[in-house]
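*Asks:* coordinates only, sequence not included:
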Ligand code: ZN
């Protein structure tokens, strides 16, 4: 485990400073680094492509950006912190008085140390973000030189995709977003954790298949759905991985159908691990679950998180850094995801092969001496479990629901289902 935490830490520090946005070389660079962990395929969707009601924007890249005071001193420098520049700022080089410049400055008075995170994806303007403390370095009657060396060109939007083929072609979707620059909980923690989650899933053959994607939020998810519509429409449920590395409490955001098995399985995982957790009911505010749950797809996307977005003071600021987020916390979240997915992977729907009860003795499943089946004999429980299990193998009831009905865990039912499947009594559908 320590090895895994060390590796997570290594990638956090490497990927944190890269300038990411909804497009640009920083996203490609991030995906290339993640390829060291898992064999992601990097795909490019061209600027100008229509994806449902949206158009993939021009590709944005930045070489440099700064503000100098009248003495020629750089008082805001993108190279020191990429959050200083509003994401998607258009190029500009000008001199202007503070009263004009102020309209382009963003700050958080109530969090004076923090540089806020701002974007201007769909409005052609420019802006800088500064801490409230640094705003005090500006003076009303001073002229400032502003320089943004950015480019907006016909390029592409980059995404990372890993398809893990299981025994069944039925897929679960796992999606995380790569568009945030130097902020650790939202969402570098989600990006790195998802890569390590994929690495673990690749270690053994899974029952189900997993579609794991790294996309810029909103436009990336929409572009991915538009370019993979047939596959996405077949998916029933999955996860949006975000904010998994904070110091606070675990929580989970329910998918839109609160009774869906993915929500019940997550709750069971928390309970089995004696973790206190906050339940966040589904809400259209949040992340890409809104896209995947929209009427065209209706995928039940849930999120297990630790210091969820919106909920912590440092959210969308430079204080959401690697002092706030620790690899060990990300690893704790990874363990919860893996346990939950281990249950999901067993959540098979079986159908009995016989219209009536299977002759268990023929399959070596019924104790030969009937007289041994006395109350209190542990074999009764096993036999009853098999009989009840077969009773529910109707081709409609999933393993998790059966485990709830029988007040048992999905793991113990899984060993029964394996045996029954091997002997041809049931078949997974
Ligand atoms: Zn965010």
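*Replies:* Looks like it arrived, so ask away. Here the structure is a predicted model, which means the values were calculated and not measured. Numbers count the residues shown, from 1 in each chain.

*Asks:* from memory residue 129 sits against residue 89, does it?
*Replies:* No - counting by C-beta atoms under 8 Å, residue 89 is not a contact partner of residue 129; they are 10.3 Å apart. Every C-beta, even on glycine, is put in place using the N, C-alpha and C of the backbone.

*Asks:* What segments of the stretch 201-350 of the chain are helices?
*Replies:* In the stretch 201-350 of the chain, the segments counted as helices under DSSP state H, counting those that start in this stretch are 219-227, 229-233, 261-272, 289-292, 327-346.

*Asks:* Now render those helices as JSON lines, adding mean neighbour count and distance to residue 61.
*Replies:* Listed next are the helices of the stretch 201-350 of the chain as JSON lines, based on neighbours: other C-beta atoms under 10 Å; distance: least, C-beta to C-beta, whole Å:
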{"stretch": "helix 219-227", "mean neighbour count": "23", "distance to residue 61": "17"}
{"stretch": "helix 229-233", "mean neighbour count": "14", "distance to residue 61": "29"}
{"stretch": "helix 261-272", "mean neighbour count": "19", "distance to residue 61": "38"}
{"stretch": "helix 289-292", "mean neighbour count": "24", "distance to residue 61": "25"}
{"stretch": "helix 327-346", "mean neighbour count": "20", "distance to residue 61": "29"}
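
*Asks:* closest to residue 3 out of these?
*Replies:* Nearest of those to residue 3, taken as C-beta to C-beta: helix 327-346 at 10.4 Å.

*Asks:* Now do the closest one and helix 261-272, the angle between them.
*Replies:* 130 degrees (axes from the mean of the first three to the mean of the last three C-alpha atoms, to 10 degrees).

*Asks:* elements contacting helix 327-346?
*Replies:* helix 2-15, helix 190-201, helix 261-272, strand 300-306, helix 399-405, helix 410-422 (3 or more C-beta pairs under 8 Å, 6 or more residues apart in numbering; DSSP states H and E).

*Asks:* Might you calculate how far that helix sits from the centre of the chain?
*Replies:* Relative to the centre of its chain, helix 327-346 is centred 12 Å away, using C-alpha atoms, centre = their mean, to the nearest Å.

*Asks:* Could you shift the numbering so residue one becomes 10, and keep it that way?
*Replies:* With 10 as the first residue, the last one maps to helix 336-355.

*Asks:* tilt between that helix and strand 309-315?
*Replies:* Here helix 336-355 runs at an angle of 150 degrees relative to strand 309-315 (the same axes, to 10 degrees).

*Asks:* hang on, the earlier thing: what about the helices and strands packed on helix 336-355, which gets the closest to residue 191?
*Replies:* Of all the helices and strands packed on helix 336-355, helix 11-24 sits nearest to residue 191, with 9.5 Å by C-beta to C-beta.

*Asks:* Low-confidence stretches in the protein?
*Replies:* Scanning the chain with the threshold set as pLDDT under 70 gives 10, 376-390.

*Asks:* before we move on, the earlier item: which one of the helices and strands packed on helix 336-355 lies closest to residue 48?
*Replies:* Here helix 199-210 is closest among these (C-beta to C-beta), at 9.1 Å.

*Asks:* List of residues touching that closest one?
*Replies:* 13, 16-17, 20-21, 24, 39, 43, 46-47, 49, 171, 173, 183, 185-187, 219, 221, 223, 250-254, 339, 342-343, 346-347, 350 (C-beta atoms under 8 Å, 6 or more residues apart in numbering).

*Asks:* if you set the cut-off to 6 Å instead, what comes out?
*Replies:* By C-beta atoms under 6 Å, 6 or more residues apart in numbering, the residues outside helix 199-210 that reach it are 17, 20-21, 43, 46-47, 171, 173, 185, 187, 219, 221, 250-251, 253, 339, 342-343, 346-347.

*Asks:* orientation of the helix or strand containing residue 181 relative to helix 228-236 in degrees?
*Replies:* Using DSSP states H and E, residue 181 falls within strand 180-186. Here strand 180-186 runs at an angle of 150 degrees relative to helix 228-236 (the same axes, to 10 degrees).

*Asks:* just how off-centre is strand 180-186 within its chain?
*Replies:* 7 Å.

*Asks:* OK, contacts around the nearest residue to residue 50 once chain neighbours are set aside?
*Replies:* Leaving aside its chain neighbours, residue 50 sits nearest to residue 170 (5.1 Å; criterion: C-beta to C-beta, 6 or more residues apart in numbering). Shown in contact with residue 170 (C-beta under 6 Å, 6+ apart): 50, 52, 222.

*Asks:* circling back: nearest to residue 142, of the helices and strands packed on helix 336-355?
*Replies:* It's helix 11-24; of the helices and strands packed on helix 336-355, that one is closest to residue 142 (C-beta to C-beta) at 25.6 Å.
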